[in-house]
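Student: Predicted model and sequence below, questions to follow.
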Amino acid sequence: MKKIAIFASGSGSNFQAIVDAVKAGKLDAEVSLLVCDKPGAFCIERAQNERIPAFVFTPKDYAAKSDYETEIYEKLKELDVDFIVLAGYMRLIGEDLLTPYEGKIVNIHPSLLPAFPGKDAIGQALAAKVKETGVTIHFVDAGMDTGPIIARQSVSISQNDTRESLQTKIQEIEHQLYPSVLQKLLHS
Ligand code: GRF
């Protein structure tokens, strides 16, 4: 059984979708750990409800990124984690995780990359008045949303779409796409 760690900073709806897919038998994996850099984030409550261990930390308590990433790496090794899944984790991954997990870290981003990388991709798409945007799942490298693309799915933007309605459409796709792409990646 492949073991995954999910990294999140916020609500964790993608964390939940992945856990639910495992419970439904659609994803053959074990979610071994939640890593969260925001004490108080709702994803932590979700992990507690699912009895999944969480490593929660405050980046400012550490002198450097490599200090907390080394600590994270120790936890991942302890638990024999094979794969890292970023799901709304609002930080760049540094060398201390990229090197040992080369080719084994993925991210989901709410746009059709390479369009609208970085923060507030949904707001960026609305401001650009494009007719479609979407979801991208990609391997993680040292850049911001720049690694090799694994899957993309588009979403059309209608004139009446608000940020909320567009976010809802995007998240519905994310919650289907992420578990199914993970299933293929982990078992190919
Ligand atoms: C998702 O839209 C994801 O694409 C982006 O951050 C959001 C996280 O949402 N990277 P959630 O915490 O999974 O609900």
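Tutor: That came through, no problem. Residues are numbered from 1 along each chain as shown.

Student: Enumerate every residue touching the residue nearest to the spatial centre of the chain.
Tutor: Nearest residue to the geometric centre of the chain (CA atoms, centre = their mean): residue 87, 1.7 Å. Residues in contact with residue 87, defined by CB atoms under 8 Å, 6 or more residues apart in numbering, are 6-8, 12, 14-15, 18, 108, 178. No exception for glycine: its C-beta is placed from N, CA and C like everyone else's.

Student: So what's the residue count around residue 168?
Tutor: 11 (other CB atoms under 10 Å).

Student: out of everything not next to it in sequence, what's closest to residue 42?
Tutor: Leaving aside its sequence neighbours, residue 42 sits nearest to residue 11 (CB to CB, 6 or more residues apart in numbering; 4.8 Å).

Student: Count the residues that sit near the closest residue to residue 100 other than its chain neighbours.
Tutor: Of all residues not flanking residue 100 in the chain, residue 73 sits nearest, at 6.4 Å (CB to CB, 6+ apart). Neighbours of residue 73 under the rule other CB under 10 Å: 17.

Student: what does residue 109 give?
Tutor: 22.

Student: now swap in residue 129 and tell me
Tutor: 8.

Student: returning to that earlier point: let me have the contacts of residue 87 in JSON lines, extended by pLDDT, secondary structure and distance to residue 49.
Tutor: Shown next, in JSON lines, are the contacts of residue 87 (pLDDT from 0 to 100; DSSP: H, G, I helix; E, B strand; the rest coil; distance: CB to CB, whole Å):
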{"residue": "6", "pLDDT": "99", "secondary structure": "strand", "distance to residue 49": "14"}
{"residue": "7", "pLDDT": "99", "secondary structure": "strand", "distance to residue 49": "18"}
{"residue": "8", "pLDDT": "98", "secondary structure": "strand", "distance to residue 49": "14"}
{"residue": "12", "pLDDT": "98", "secondary structure": "coil", "distance to residue 49": "10"}
{"residue": "14", "pLDDT": "98", "secondary structure": "helix", "distance to residue 49": "16"}
{"residue": "15", "pLDDT": "98", "secondary structure": "helix", "distance to residue 49": "11"}
{"residue": "18", "pLDDT": "99", "secondary structure": "helix", "distance to residue 49": "14"}
{"residue": "108", "pLDDT": "98", "secondary structure": "strand", "distance to residue 49": "22"}
{"residue": "178", "pLDDT": "98", "secondary structure": "helix", "distance to residue 49": "19"}
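
Student: So which of the residues you listed reach the ligand?
Tutor: 8, 12, 14, 108 (CB under 6 Å from any ligand atom).

Student: of all the contacts of residue 87, which comes closest to residue 96?
Tutor: Distance to residue 96, by CB to CB, is smallest for residue 7 among these, at 13.7 Å.

Student: List the contacts of residue 136.
Tutor: Residues counted as contacts of residue 136 (CB under 8 Å, 6+ apart) are 108-109, 111-113, 145, 149, 151-152.
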